[in-house]
Each structure stands twice: as structure tokens, then as C-alpha cells.
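> please find the sequence and the predicted model below.
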Amino acid sequence: MSAAVLVAAVVGGGVLLLLRRLFPRQRTMKLLRFPADTMRGKTVIVTGANSGIGKALAGELLKLQARVIMACRDHRSAEEAARDIKDQSGPEQGELVVKHLDLASLASVRNFCEEIKEEESKIDVLVNNAGIYQCPYSKTEDGFEMQLGVNHLGHFLLTHLLLDLLKSSAPSRIVVVSSKLYKYGDINFDDLNSESSYDKAFCYSQSKLANLLFTLQLAQQLEGSGVTVNALTPGVVRTSLGRHVQIPLLAKPLFSLASLVFFKSPLEGAQTPLYLACSPEVEGVSGKCFANCEEEQLMAKATDEQAAKKLWDMSRRMVGL
């Protein structure tokens, strides 16, 4: 064996060992199988349905004959995704509708909800999936830190404005996509909008913790209404969510290898939101968090009712409710 081959083998082995430490192999997701007409006659809104988990989820729901409303910021990208989804969904499929929704604009959220209430007689499932990850510091149209504004506040307003329609459609469901990275965040009530300082990783984790506290408080508010709300953590999934993360040029091939070997595919990542949207097993279940289609035990800070109530009140003021 030549010296070059030996060195390559040693280095390659070391790299794979390092990747295993950084990205432990996730549990393989068994793809769910529901009767083909499970969602026939049901209307589902999926935010961020033009890529990643949202696109995969929209495709699975369409196969189950749902009326799927793709709520997306980039209308052109959403139209392309819709064509792709339709082509892959087979002859017996539901209906796909593309709607513009920019969660970084409260005006856009309000316009979207007005259109939905005018055009739709019911909503059976609302999936709050869209998100932004570790972007450079910027603000939404309304002056909120971008990750808090899109991941939490935009969905907070969206859900509130659609609650009456969800209630009149009961039994109905709300699904909130969070992240295990909530563990590294706290709700900084003294500087919720990151005016004093900005740490992009902390702000993402804060927004994902906010998703869980929102789910907790909303479940209490909806008790007895026939509307359930549950959150989920999808794990590490190969999507464009990490587009703002700067990876050194030389490390990109290794990162690509790691994503192929250790990350979930978008379809695997979509299984838990699909489970929460469709499965009879979670009928009547509310205020919980799931991972890999099983209930997940959360850290105490994600089940803090006092913090959830305080965040709820602050969020209402921030979005003008």
C-alpha cells in the first residue's frame, strides 16, 4: 500500500469518526402509511411549503387527498414546488393552492388571513412550519429581530387570526414545528428584540423555545374548544434552513458528506408533522411535544407556565392584538 493511500485512509477514517461525534446517527424514521383517502375533504395550511420539511409534508398530504394551501413568501419558488409536488403525487391526489405569506410582515399575515377567511369555509389543520435560522442581524418590516419575528411572532399572529375558523371547523389541529436547539435558549424578557446585543445562535434557540411556550399556553386557551395544538422537534434534516451558516470552503465537501450520512431526508423530517396532522392516535391530545412520532419529554424551561403566560402577553402587545 502506497504512503499516499495509507495517509488518505487514516485521514478519511479520522474525518468519519469526527463526523460521527458531531452528528450522531439519528434514528431511522419508518415512513408512515395511512389509507389513501385519509385527508379527503380536509383543508390544511402549511407555512414554508416550498422547500424542505414543508414541501415534503405538502406532498404527503396531497397524496392523502387533502386540500393543501401552501403559504409561502417566495411565490415563484412556491409555484415551482407545487408543480414538482403534483408531478410526484400520483393520479389520486387532492388539491394544491399557492398563497403568498411573508411572516416577516404583520400586514402580509393579516392580508393572508383575510383571504383565507373569505375563500375557505374551514381549516382542519394549520401547520406552522416556516422558519429562518441563524441569519445575520436584521429586522422585520415591523421592527422585530428577524428570527423572533418570523419563527414566533409571525406564526403567533397567524394562528390568532385563524382561531375562529379553526374553532368552527372543530375537531381541528394546530401543529408547531420547533427544534431541539430550544435547549440552548432562554426567553430574554429584558431584551426580547435583541436591541442591546445579538447572538444569532441564541436568538434561534430563543425563538424555538418561544414556539414551545406558545404551544403550552395556547393549549390551555383552547381547552374544550375542539382545537388541539402540539409541537414537534424534527431533528437534523437536510434542508436549506442552514443557508446563512458560513462553512469554510475546504470543509464544505465534508459537511455535504455528513449531511448525506447522518441527517434525515426532508421526507423523514416530515413524518412527525404528518403524524400530528393525520393520525387518529393523537386525536384529542394537546399541549404536548413530539419527536419521531412519540411524545418527547421537555426541559423545565419549556414547560414553565409563568414564562409562557408572560411571553403570551408580550407577544400580543408586540403584534397589536
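Done, it's in.
> give me the phi and psi for the most centrally placed residue in the chain.
The centroid of the chain falls nearest to Asn129 when counting by Cα atoms, centre = their mean (2.8 Å). The phi/psi pair for Asn129 (degrees, to the nearest 10) reads phi -110, psi -30.
> isn't it right up against Val44?
No: with contact defined as Cβ atoms under 8 Å, Asn129 does not count as touching Val44 (11.0 Å). Quick note: C-beta positions are derived from backbone N, CA and C, even for glycine.
> please, where are all the strands along this protein?
Along the chain, counting by DSSP state E, strands occupy 43-47, 67-72, 95-100, 125-128, 172-177, 227-232, 289-291, 294-295.
> so where's the chain uncertain?
Low-confidence segments of the chain (pLDDT under 70): 1-29, 237-263.
> helices of that one, residue ranges please.
All helices of the chain, identified by DSSP state H, fall at 3-22, 52-63, 75-88, 106-119, 146-148, 155-168, 200-221, 252-262, 266-269, 271-278, 305-319.
> could I get the ones you listed in TSV, plus columns for distance to Val125 and mean neighbour count?
Below are the helices of the chain laid out as TSV (distance: least, Cβ to Cβ, whole Å; neighbours: other Cβ atoms under 10 Å):
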stretch	distance to Val125	mean neighbour count
helix 3-22	35	11
helix 52-63	8	26
helix 75-88	17	16
helix 106-119	13	16
helix 146-148	25	25
helix 155-168	9	20
helix 200-221	15	22
helix 252-262	29	14
helix 266-269	17	21
helix 271-278	5	25
helix 305-319	22	16
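> make TSV out of those helices and add distance to Asn193.
What follows is the helices of the chain, written out as TSV (distance: least, Cβ to Cβ, whole Å):
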stretch	distance to Asn193
helix 3-22	32
helix 52-63	26
helix 75-88	28
helix 106-119	14
helix 146-148	7
helix 155-168	14
helix 200-221	10
helix 252-262	32
helix 266-269	30
helix 271-278	28
helix 305-319	8
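> nearest to Ala291 among the ones you listed would be which one?
Among the helices of the chain, the nearest to Ala291 by Cβ to Cβ is helix 271-278 (6.6 Å).
> now do the contacts for Asp124.
Asp124 sits next to Met39, Lys42, Thr43, Val44, Ser169, Ser172, Arg173 when contact means Cβ atoms under 8 Å, 6 or more residues apart in numbering.
> for the residues you listed, which one is nearest Gly269?
When the contacts of Asp124 are compared against Gly269 (criterion: Cβ to Cβ), the nearest one is Val44, at 17.1 Å.
> any idea what that closest one is bridged to?
Val68, Val125 (DSSP bridges).
> ok, it - how many residues close by?
Val44 has 27 neighbours, counted by other Cβ atoms under 10 Å.
> ok, it - contacts?
Residues in contact with Val44 (Cβ under 8 Å, 6+ apart) are Leu61, Ala66, Arg67, Val68, Ile69, Ile123, Asp124, Val125, Leu126, Val127, Ala277.
> export these to a markdown table and tack on distance to Glu223?
Output for those, formatted as a markdown table (distance: Cβ to Cβ, whole Å):
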| residue | distance to Glu223 |
| --- | --- |
| Leu61 | 27 |
| Ala66 | 26 |
| Arg67 | 28 |
| Val68 | 28 |
| Ile69 | 27 |
| Ile123 | 19 |
| Asp124 | 19 |
| Val125 | 19 |
| Leu126 | 18 |
| Val127 | 21 |
| Ala277 | 20 |
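> sorry, back to before: who are the contact partners of the residue nearest to the centre of the chain?
Residues in contact with Asn129 (Cβ under 8 Å, 6+ apart) are Val46, Thr47, Gly48, Ala49, Ile53, Gly54, Leu57, Val175, Val177, Pro273.
> can you tell me the closest non-neighbouring residue to the second one?
Right, Thr47. Leaving aside its sequence neighbours, Thr47 sits nearest to Ala130 (Cβ to Cβ, 6 or more residues apart in numbering; 3.9 Å).
> for the one you found, give me its contacts.
Contact partners of Ala130, counting by Cβ under 8 Å, 6+ apart, are Thr47, Gly48, Gly54, Ala71, Cys72, Arg73, Leu101, Leu103, Val150, Gly154, His155.
> how about a cut-off of 7 Å?
Contact analysis of Ala130 by Cβ atoms under 7 Å, 6 or more residues apart in numbering lists Thr47, Gly48, Gly54, Leu103, Val150.
> distance of the closest residue to the second one other than its chain neighbours relative to Pro171?
By the measure of Cβ to Cβ, 6+ apart, the closest residue to Gly48 outside its immediate chain neighbours is Ala130, 2.8 Å from it. Distance of Ala130 to Pro171, given as Cβ to Cβ, to the nearest Å: 24 Å.
> check Leu157 too.
24 Å.
> next: Leu209.
28 Å.
> quick one on the thing from earlier: and the furthest pair within the contacts of Ala130?
For these, the farthest-apart pair by Cβ to Cβ is Gly54 and Val150; their separation is 13.4 Å.
> cool, thanks, talk later.
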